[in-house]
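In: Structure here, sequence nowhere to be found:
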């Protein structure tokens, strides 16, 4: 992978992590409220973003190994 592509993968990984933190921030003030379905959906989205971030970081490591 070219250095440009590796930089793009790193940038995407950072963006995903930023969105993960924002989603977690949305859920935090709702904990303990009656919005259980919304809280669960936000936590599920956060987990999905965490997994996407890990996958992109793994792709970045692989690109640097080339």
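Out: Yes, it's here. Everything numeric here is computed off the predicted structure, so don't read it as measured data. Numbering: from 1, shown residues only.
In: what's the helix or strand for the spatially closest residue to residue 31 that is not a sequence neighbour?
Out: Excluding its sequence neighbours, the residue lying closest to residue 31 (Cβ to Cβ, 6 or more residues apart in numbering) is residue 39, at 6.3 Å. Bear in mind the C-beta positions are built from the backbone N, C-alpha and C, glycine included. Using DSSP states H and E, residue 39 falls within helix 36-65.
In: count of neighbours near residue 7?
Out: When counting by other Cβ atoms under 10 Å, one arrives at 13 neighbours for residue 7.
In: how much does the helix or strand where it lies deviate in direction from helix 36-65?
Out: Following DSSP H and E, one finds residue 7 within helix 3-27. Angle, helix 3-27 to helix 36-65, by axes from the mean of the first three to the mean of the last three Cα atoms, to 10 degrees: 160 degrees.
In: Number the residues from 381 up from this point.
Out: That works, and once the first residue is 381, the last one we named lands at helix 383-407.
In: Quick check: buried residues in helix 383-407?
Out: For helix 383-407, the neighbour count (16 or more other Cβ atoms under 10 Å) marks 386, 389, 390, 393, 396, 397, 400, 403, 407 as buried.
In: Against which helices or strands is the helix holding residue 419 packed?
Out: helix 383-407 (3 or more Cβ pairs under 8 Å, 6 or more residues apart in numbering; DSSP states H and E).
In: pLDDT weak spots in the chain?
Out: 381, 384 (pLDDT under 70).
In: So the residue of it most remote from its centre, which state does it fall into?
Out: For the chain, the C-alpha farthest from the mean C-alpha position belongs to residue 414; by Cα atoms, centre = their mean, that distance is 26.1 Å. What DSSP: H, G, I helix; E, B strand; the rest coil gives for residue 414 is coil.
In: mind checking how far it is from residue 431?
Out: Distance of residue 414 to residue 431, computed by Cβ to Cβ, to the nearest Å: 28 Å.
In: Just give the nearest non-adjacent residue to the most centrally placed residue in the chain, would you?
Out: Geometric centre of the chain, nearest residue: residue 429, 3.2 Å, by Cα atoms, centre = their mean. What sits nearest to residue 429 in space, not counting adjacent residues and going by Cβ to Cβ, 6+ apart, is residue 400, at 3.8 Å.
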